[in-house]
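S.K.: structure for this input, please:
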Amino acid sequence: MSENDFLIKNRKAVSLYKKSLNSSTYLQGDGYDGSWFFYFNNGILTELNQGQRQSDFILENRNR
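M.R.: Prediction:
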(Lines give C-alpha, C1' and ligand atoms only; values in the text may rest on other atoms or scores of the structure.)
Protein backbone atom coordinates (compact mmCIF):
# COMPACT_ATOMS: atom_id res chain seq x y z
CA MET A 1 0.00 0.00 0.00
CA SER A 2 1.31 3.44 -0.80
CA GLU A 3 1.62 6.13 1.84
CA ASN A 4 -0.84 8.37 -0.02
CA ASP A 5 -3.50 5.62 -0.19
CA PHE A 6 -2.95 4.89 3.49
CA LEU A 7 -3.42 8.54 4.46
CA ILE A 8 -6.58 8.91 2.37
CA LYS A 9 -8.16 5.95 4.19
CA ASN A 10 -6.79 6.63 7.69
CA ARG A 11 -6.09 10.36 7.99
CA LYS A 12 -8.32 10.85 11.05
CA ALA A 13 -7.23 7.64 12.80
CA VAL A 14 -3.43 8.08 12.68
CA SER A 15 -0.85 10.69 13.56
CA LEU A 16 2.66 11.20 12.24
CA TYR A 17 5.08 9.74 14.79
CA LYS A 18 8.45 10.16 13.08
CA LYS A 19 9.57 11.46 9.69
CA SER A 20 12.93 11.41 7.90
CA LEU A 21 14.01 11.91 4.33
CA ASN A 22 13.02 8.44 3.08
CA SER A 23 10.84 7.02 5.85
CA SER A 24 7.75 7.84 7.89
CA THR A 25 6.18 6.24 10.93
CA TYR A 26 2.52 6.72 11.82
CA LEU A 27 0.83 5.85 15.11
CA GLN A 28 -2.73 4.69 15.52
CA GLY A 29 -3.77 4.97 19.16
CA ASP A 30 -2.08 6.57 22.14
CA GLY A 31 1.21 4.63 22.12
CA TYR A 32 0.13 2.16 24.79
CA ASP A 33 -1.81 -1.12 24.65
CA GLY A 34 -3.76 -1.58 21.44
CA SER A 35 -1.73 0.96 19.48
CA TRP A 36 -0.25 0.19 16.07
CA PHE A 37 2.78 1.61 14.27
CA PHE A 38 2.86 1.80 10.46
CA TYR A 39 6.32 2.08 8.87
CA PHE A 40 6.79 3.46 5.35
CA ASN A 41 10.03 3.46 3.35
CA ASN A 42 10.11 5.41 0.09
CA GLY A 43 6.32 5.78 0.23
CA ILE A 44 5.56 2.04 0.58
CA LEU A 45 4.20 0.32 3.70
CA THR A 46 6.98 -2.04 4.85
CA GLU A 47 6.04 -2.99 8.40
CA LEU A 48 3.12 -2.93 10.82
CA ASN A 49 3.49 -3.79 14.50
CA GLN A 50 2.61 -2.79 18.03
CA GLY A 51 6.05 -1.31 18.67
CA GLN A 52 9.01 -2.55 20.61
CA ARG A 53 9.11 -2.38 24.37
CA GLN A 54 11.86 -3.26 26.82
CA SER A 55 11.03 -5.64 29.62
CA ASP A 56 10.10 -4.18 32.95
CA PHE A 57 12.84 -6.18 34.68
CA ILE A 58 15.87 -8.32 33.80
CA LEU A 59 16.64 -11.62 35.48
CA GLU A 60 20.29 -12.50 35.99
CA ASN A 61 21.66 -15.93 36.76
CA ARG A 62 24.23 -15.32 39.50
CA ASN A 63 24.94 -19.04 40.07
CA ARG A 64 27.49 -19.53 37.31
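S.K.: run through the bridge partners of residue 47.
M.R.: Residue 47 forms beta bridges with residue 39, as assigned by DSSP bridges.
S.K.: that one: what's it in contact with?
M.R.: By Cβ atoms under 8 Å, 6 or more residues apart in numbering, residue 47 lies in contact with 37, 38, 39. Placement of C-beta: from N, CA and C, glycine included.
S.K.: rerun that using 10 Å as the cut-off
M.R.: 25, 37, 38, 39, 40, 41 (Cβ atoms under 10 Å, 6 or more residues apart in numbering).
S.K.: which SS class is the second one?
M.R.: Right, residue 37. Look at residue 37: counting by DSSP: H, G, I helix; E, B strand; the rest coil, its state is strand.
S.K.: separation between the residue lying closest to it once chain neighbours are set aside and residue 29?
M.R.: Using Cβ to Cβ, 6 or more residues apart in numbering and skipping residues adjacent in sequence, the residue nearest residue 37 is residue 51, 5.1 Å away. From residue 51 over to residue 29 the distance is 10 Å, taken as Cβ to Cβ, to the nearest Å.
S.K.: find the residues that touch each one of those two.
M.R.: Here residue 51 and residue 29 have 35, 36, 37 as joint contacts, going by Cβ under 10 Å, 6+ apart.
S.K.: could you check how many residues crowd around residue 26?
M.R.: 23 (other Cβ atoms under 10 Å).
S.K.: from residue 63, how far off is it?
M.R.: In terms of Cβ to Cβ, residue 26 sits 46 Å off from residue 63.
S.K.: ok, now residue 8?
M.R.: For residue 8, the distance to residue 63 equals 58 Å [Cβ to Cβ].
S.K.: those two: who's more crowded?
M.R.: residue 8 (9 against 4).
S.K.: and the more buried one, what helix or strand is that in?
M.R.: helix 3-10 (DSSP states H and E).
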